[in-house]
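Asks: coordinates only, sequence not included:
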Ligand SMILES: Nc1ncnc2c1ncn2[C@@H]1O[C@H](COP(=O)(O)OP(=O)(O)OP(=O)(O)O)[C@@H](O)[C@H]1O
Ligand SMILES: Cc1cn([C@H]2C[C@H](O)[C@@H](COP(=O)(O)O)O2)c(=O)[nH]c1=O
């Protein structure tokens, strides 16, 4: 059994996270890790139902925030903590930094209240009862909002978040930058405005530098 690790993918909609998560999972498996690949909101039957509501039903910022944390607690309890306890690498497409960026910076929800809810939702679900679960590494896909919007417009019909104006994503992007500045050891910035192959190479280098993949010459 290898040591478990919790790695999250973050960035504004259209930054390119989902385009790389499967390939990283495959590379980690090839390196001998057991990988759990999951996402937020979602990852359990209950949280996937909440995801559908969050992405498509009209609601205010408080309801949105409560649903996001409800989904997260279920996901932590049923999927993330058990996988980490088994020594697996958990790759999660978004986690709590998204709540600070979208509900906090994007919607203007009080950051102190978010911190309180974070403690409440992320404590008491793992093997160590007092531990507040946080990622070991956060891969932050940073791209100008205009570039992300351009990519998304060519890709699919927008959901409730993706149909927000570019000003919303400018605030969300600033929210991510603030989170990264507050936790520089945990965050690794990936310049995702580059072509896919270069983004993949950056990603691999960061994960290798943390010891989860072999270094490439
Ligand atoms: N480096 C890149 N250069 C150009 N286009 C890209 C790049 N990376 C991803 N794309 C394209 O941009 C679109 C959005 O990518 P993707 O779905 O991976 O983003 P995402 O960050 O997961 O978005 P969301 O959070 O909204 O799901 C897709 O059509 C994808 O093919
Ligand atoms: C975890 C989380 C997510 N969101 C938003 C961000 C995205 O627009 C959607 C999820 O869609 P994706 O295609 O899977 O990226 O949900 C949020 O607002 N707050 C959160 O905590």
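Replies: Perfect, thanks for sending it. Only a predicted model underlies this, so the values are computations on that prediction, with no experimental measurement involved. Ligands and ions are numbered 1, 2, ... in the order given.

Asks: what's the local residue count around the closest residue in space to residue 16 that isn't next to it in sequence?
Replies: The spatially closest residue to residue 16, leaving aside those adjacent along the chain, is residue 192, at 4.5 Å (C-beta to C-beta, 6 or more residues apart in numbering). Heads up, the C-betas are built off the backbone N, CA and C, glycines and all. Applying other C-beta atoms under 10 Å, we find 28 residues neighbouring residue 192.

Asks: let me see the contact set for residue 192.
Replies: 11, 15-16, 141-143, 199 (C-beta atoms under 8 Å, 6 or more residues apart in numbering).

Asks: near ligand 1, which residues of this structure?
Replies: By C-beta under 6 Å from any ligand atom, the residues of the chain that approach ligand 1 are 11, 13-19, 151-152, 155, 162, 192, 195-196, 199.

Asks: among these, which are in reach of ligand 2?
Replies: residue 13.

Asks: most widely separated two among the residues of the chain next to ligand 1?
Replies: Spatial extent of those (C-beta to C-beta) is set by the pair 162 and 195 at 22.6 Å.

Asks: related to what we said a few turns ago, and the residue nearest to residue 16, its phi and psi?
Replies: Backbone torsions for residue 192, taken as degrees, to the nearest 10, come to phi -90, psi 10.

Asks: quick one: it and residue 131, what's the gap?
Replies: Applying C-beta to C-beta, to the nearest Å, the value for residue 192 to residue 131 is 31 Å.

Asks: okay, which residue is most central for the protein?
Replies: The residue lying closest to the centre of the chain (C-alpha atoms, centre = their mean) is residue 94, at 1.6 Å.

Asks: so what does that one look like in phi/psi?
Replies: phi 80, psi 150.
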